[in-house]
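**Q** Provided below for reference: sequence and predicted model.
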There are 2 protein chains.
Amino acid sequence: MSQTDLQELEDENAVQGEGEEFDEENRLKPEFVRAVRDALEEEDESRAYELVEPLHPADIADLLELLEPGERRELASAITDLMTGDVIAELNDYVRESMVEALPASAVAEIAEQLDTDDAVQLIEDLDDEDQQAVLAEMDAEDRAAIESALAYPEESAGRLMQRELVAVPEHMTVGDLIDYLRDHDDLTTEFWEVFVVDHRHRPIGTCQLSWVMRTPRHIPLTDVMKRDQTLIPTDMDQEEVALRFQKYALISAAVVDESGRLVGQLTVDDIVHIIQEEAGEDALLMSGAGEGDINEPIRDAYFARVRWLIANLGTALVASLIIAAFGAAIEKLVALAILMPVVASIGGNAGTQTMAVTVRAIAMNQLTKSNTRRMLWREFRVALLNGVTVAALIGMATAVIFTPQLGAVITTAVVINIVTAGLAGVAVPVIFERLDQDPAVASSVFVTMITDSMGFFAFLGLAVAAGLAV
Amino acid sequence: MSQTDLQELEDENAVQGEGEEFDEENRLKPEFVRAVRDALEEEDESRAYELVEPLHPADIADLLELLEPGERRELASAITDLMTGDVIAELNDYVRESMVEALPASAVAEIAEQLDTDDAVQLIEDLDDEDQQAVLAEMDAEDRAAIESALAYPEESAGRLMQRELVAVPEHMTVGDLIDYLRDHDDLTTEFWEVFVVDHRHRPIGTCQLSWVMRTPRHIPLTDVMKRDQTLIPTDMDQEEVALRFQKYALISAAVVDESGRLVGQLTVDDIVHIIQEEAGEDALLMSGAGEGDINEPIRDAYFARVRWLIANLGTALVASLIIAAFGAAIEKLVALAILMPVVASIGGNAGTQTMAVTVRAIAMNQLTKSNTRRMLWREFRVALLNGVTVAALIGMATAVIFTPQLGAVITTAVVINIVTAGLAGVAVPVIFERLDQDPAVASSVFVTMITDSMGFFAFLGLAVAAGLAV
């Protein structure tokens, strides 16, 4: 696109995320953030307002996250009328929490009343009980009741996530009836992509995509244009499961039903997208033992989340040390063993991590089930054998040249054994955790590393002693 | 939900993913897969058909993936008329590729013609040139032209991903005009959630959500109900960037524009959801060096993807070995050094991986920019210091008791140094790769491990020698 065309386009339409505030990856430029900071420092509130005003709510939220905690409060007070519910909903959980805690209950209540139930719940759920009650007390009865009933569902369940605002119509309506109903009812939500058709007990019997309705003459009954196959989400379904359904069945919205099958809310894909993203991304963090791994998490929380796994890792490292200690006499006689043993352990650990990452991902995507676990093990055994032979040949030759051919043979064998062990452990450990109803991403690393470290030191040192290299 | 209610609900509505074929996590039960396998083995095609017929296309795709390659072909030929475009589109890339390669060009062309451009492109893009030409030659001119022009865009770009089927109308239309236009044009796509309003040069000037249109009286002009702020996606935008925009601005669909700003296609969230999921999940695989990490990837490809990183890891392990070798004499004199040195390296590696995972994620989410890198480094320094002191105290005390207080002091210092180094490297390495326009997830692991291993051995052995413990 030529520069002039682009400029013209921008002048005509406010194109989101393409203004001069943004770099080529749609991030706010450091110079822009600097300018806002300078305005705040000089207490020039109107300048700060002018800078922020053209931004989309999602970008205002990004900007707040990039600022220091103190600056966030200054900016928020400079742009009060731009701090809409949409900005609040887009904020990172920790940043929102710390900003909301600084506000009086009445202000929080006022923001919550602007929001759809799902966003209002998100705003309030992390407050402590006392603050929660204070905010709810300030809200009008209807909104309060909606939020209270959402909070009664478990965290991360469909009941918590759903919005109560939806369009549901009885099955006898025609297309024309529906259009008239929508035009006549100003109080309906504007955020809907499908209309739910319900029976006399308010149970969903079908879903109408708006595009089908709009293409159909007025006299046709809705039951002729609705899709009867639908994905009903029970209120207690976990968000991870909800995300997988949306993805698998390419849903735009879905009906949420209570225990008796009655329609109580809807979920729309724009909310689920955040969850899909979160659930898909969290495995990398969990496998590394970094907990939630949010860069806005308070340091105290980050410390506790991570130190647990470092201590667990210390435990597994000590197991490896015990194995080395058992071969202490051999190492004293042949110091080359000490020099080479970390290589065997490290390569095994790396191979195990590779297989584990693949397995954890496949489990998360529901691709690995009892029906194909054996095939997966066999597959990973073969990949590990190929990898093992390649890497072992390289290190074996180098060792034979630098040290002795005998030591080369020992390290070759040890590396093959360790990489194959790593491949099998990389599948087996997460699968076993999954069968025990534990999250395979959380604890697999520690076990796989323990297995590959121990096996690495044991195979290498043990074979060296067995071959009589250290007498 | 009681058993009888559930049964009743299922009888009335075909509830997706809730039938008896599924376990509680919406995966096909092993018994069901077994039953299909048995039917295929007994060459009872009608039994296989009967079993598969009630499934949603996405579940048929899952079933095919769970079967062995030979069984897949048998099942496909038993259920030809259920093997719709939707099933093909839902299949894993590798499974689709291997199944499509087994089909004659005319059959592939027939399937492609049923599909929207984006799905047809996905079907054809992985075929080799010759097969691609053969399939295109069998297609009718219009479909062929659409696919050829999509294939002209780079892989993973918006141009490849977009569907050409969309609804675009001139700006002078009213709500009533639009409804009449939709009712009169049978050939329009049914898959649209928003209508694009374009100027006389076919450049998008606004977007109408169908829900707003339906709630508005017929005489109102579309320009009064359309949203002028819109996210325009250039055809050459990378899919990762597209996914971030959809997420950030909560988009349901977006207009794709060519170099001169003309509307050429649309992207809808149901297609982008797969990409969001893929992009968010791939970092765990990339960081582990497992490449794409797809369990359906041919073994040869998995071998090449992984062995590269194992060999790179071998290189970094050898650097560590050189450091150990430099302290060979000290180890010969005090074998406790050999026993404890892997602990120091391992803990550092673990801490580095934690920080790296957090950093890579923050970069992928556009949360970490030049504006807050320094804050992030300072934050991770503090977390590392807390972690380092905690873990070092534990291992230091144990060492002091089992070996000597001097060695305890040495290992304590070495662990603190290594964990702090790990924390800083865990931020710095991915940030540097990102600034060099390299994917931070791909190569960071190797470098962070090299730094923590080397520093672990060097700090521990060096301090021990400096303290005169191995003379």
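**A** Done, it's in.

**Q** in the helix or strand where A:R72 lies, what counts as buried?
**A** Secondary structure assignment for A:R72, by DSSP states H and E: helix A:69-78. Neighbour counts over helix A:69-78 (16 or more other Cβ atoms under 10 Å in any protein chain shown) mark A:71-76, A:78 as buried. Glycine gets a C-beta too; all of them are placed from N, C-alpha and C.

**Q** what's the answer for stretch A:298-308, then?
**A** Buried-residue list, stretch A:298-308, by 16+ other Cβ under 10 Å: A:302-303, A:305-307.

**Q** which ones among those residues map onto helices?
**A** Residues of those located in helices (DSSP state H): A:302-303, A:305-307.

**Q** out of the residues you listed, which two are the most distant from each other?
**A** By the measure Cβ to Cβ, A:A302 and A:V307 form the most distant pair in these, at 9.3 Å.

**Q** helix or strand for the residue nearest to A:A105 when sequence neighbours are not counted, which one?
**A** Closest residue to A:A105 apart from its sequence neighbours, by Cβ to Cβ, 6 or more residues apart in numbering or on different chains: A:A134 at 3.9 Å. Using DSSP H and E, A:A134 falls within helix A:129-138.

**Q** check which residues of that helix are buried.
**A** Buried residues in helix A:129-138 (16+ other Cβ under 10 Å): A:131-132, A:135-136, A:138.

**Q** and which of those residues is nearest to B:W378?
**A** Closest to B:W378, out of all of the buried residues of helix A:129-138 and judged by Cβ to Cβ, is A:D131, at 29.7 Å.

**Q** and the ones in helices among the buried residues of stretch A:298-308 near chain B, which?
**A** When contact is defined as Cβ under 8 Å from any Cβ of the partner chain, those meet chain B at A:302-303, A:306-307.

**Q** which residues does A:E53 contact?
**A** A:79, A:82 (Cβ atoms under 8 Å, 6 or more residues apart in numbering or on different chains).

**Q** phi and psi next, for it.
**A** phi -50, psi -40 (degrees, to the nearest 10).

**Q** please apply the same query to the one 3 residues further on.
**A** Backbone torsions of A:H56, given as degrees, to the nearest 10, read phi -70, psi 150.

**Q** how near is it to A:R96?
**A** Distance, A:H56 to A:R96, by Cβ to Cβ, to the nearest Å: 17 Å.

**Q** now A:G261
**A** 35 Å.

**Q** related to what we said a few turns ago, quick one: the helix holding A:R72 near chain B?
**A** No: Helix A:69-78 stays clear of chain B (Cβ under 8 Å from any Cβ), getting no nearer than 10.1 Å.

**Q** contacts for that helix next, please.
**A** For helix A:69-78, using Cβ under 8 Å, 6+ apart, the contacting residues are A:36-37, A:40, A:45, A:48-49, A:52, A:63-64, A:67, A:83, A:95, A:98-99, A:102.

**Q** start and end of stretch A:154-164, how far apart?
**A** Start-to-end span of stretch A:154-164 (Cα to Cα, to the nearest Å) is 16 Å.

**Q** quick one: buried residues of it?
**A** Buried residues in stretch A:154-164 (16+ other Cβ under 10 Å): A:157-164.

**Q** so which of these sit within helices?
**A** Those of the buried residues of stretch A:154-164 lying in helices (DSSP H): A:158-161.

**Q** so what's A:T216 up against?
**A** Neighbour list for A:T216: A:175, A:224-225, B:183 [criterion: Cβ under 8 Å, 6+ apart].

**Q** out of these, which end up buried?
**A** A:175, A:225.

**Q** just the contacts of A:T216: which are in helices?
**A** Filtering the contacts of A:T216 for membership in helices, criterion DSSP H, returns A:175, A:224-225, B:183.

**Q** ranges for the strands of the stretch 201-350 of chain A?
**A** Secondary structure of the stretch 201-350 of chain A by DSSP state E, counting those that start in this stretch: the strands cover A:204-209, A:232-234, A:253-257, A:263-268.

**Q** just these: most buried one?
**A** Greatest average neighbour count among those goes to strand A:253-257 (a mean of 25), per mean count of other Cβ atoms under 10 Å in any protein chain shown.

**Q** what packs against that one?
**A** strand A:204-209, strand A:232-234, helix A:239-248, strand A:263-268 (3 or more Cβ pairs under 8 Å, 6 or more residues apart in numbering or on different chains; DSSP states H and E).

**Q** dump it to CSV, restricted to CA.
**A** Written as CSV, here are the backbone C-alpha positions of strand A:253-257 (Å, rounded to 0.1, in the frame of the first residue of the first chain):
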residue,chain,number,x,y,z
SER,A,253,-22.1,-18.7,20.3
ALA,A,254,-23.6,-21.4,22.5
ALA,A,255,-26.5,-21.9,24.8
VAL,A,256,-25.7,-22.5,28.5
VAL,A,257,-28.2,-24.7,30.2
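
**Q** run through who's touching that strand.
**A** Contacts for strand A:253-257 (Cβ under 8 Å, 6+ apart): A:158-159, A:162, A:166, A:192-194, A:196, A:203-204, A:207, A:230-235, A:242, A:245-246, A:263-269.

**Q** cool, stretch A:164-182 as well?
**A** Contacts for stretch A:164-182 (Cβ under 8 Å, 6+ apart): A:116-117, A:146, A:150, A:188-189, A:191-192, A:195-200, A:202, A:204-206, A:208, A:213, A:216-223, A:225, A:255, A:263-266, B:211, B:214-215.

**Q** whichever of the residues you listed end up buried, select them in PyMOL.
**A** Buried residues among the contacts of stretch A:164-182 (16+ other Cβ under 10 Å), as a PyMOL selection:
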select buried, (chain A and resi 116+117+146+150+188+191+192+195+196+197+198+199+202+204+205+206+208+213+216+222+225+255+263+264+265+266) or (chain B and resi 211+214+215)
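
**Q** about what we covered before: nearest to chain B among the buried residues of helix A:69-78?
**A** When those are ranked by distance to chain B (Cβ to the nearest Cβ), A:E71 comes first, at 10.9 Å.

**Q** ok, now how distant is the closest one from B:P217?
**A** According to Cβ to Cβ, A:E71 stands 47 Å off from B:P217.

**Q** go on, A:D118?
**A** 30 Å.

**Q** before we move on, what about A:T355?
**A** 62 Å.

**Q** okay, which residue is most central for chain A?
**A** Nearest to the geometric centre of chain A sits A:E278, at 1.4 Å (Cα atoms, centre = their mean).

**Q** and that residue, what does it touch?
**A** Per Cβ under 8 Å, 6+ apart, neighbours of A:E278: B:A280.

**Q** again, only using 6 Å
**A** By Cβ atoms under 6 Å, 6 or more residues apart in numbering or on different chains, the contact set of A:E278 is empty.

**Q** then A:I339?
**A** Here A:I339 is in contact with B:321, B:324-325 (criterion: Cβ under 6 Å, 6+ apart).

**Q** for A:V87, find the nearest of the helices and strands packed on strand A:253-257.
**A** Of all the helices and strands packed on strand A:253-257, strand A:263-268 comes closest under Cβ to Cβ, at 19.3 Å.

**Q** what's the closest non-adjacent residue to A:V416?
**A** In space, A:V416 is closest to A:G388, 4.1 Å off (Cβ to Cβ, 6+ apart).
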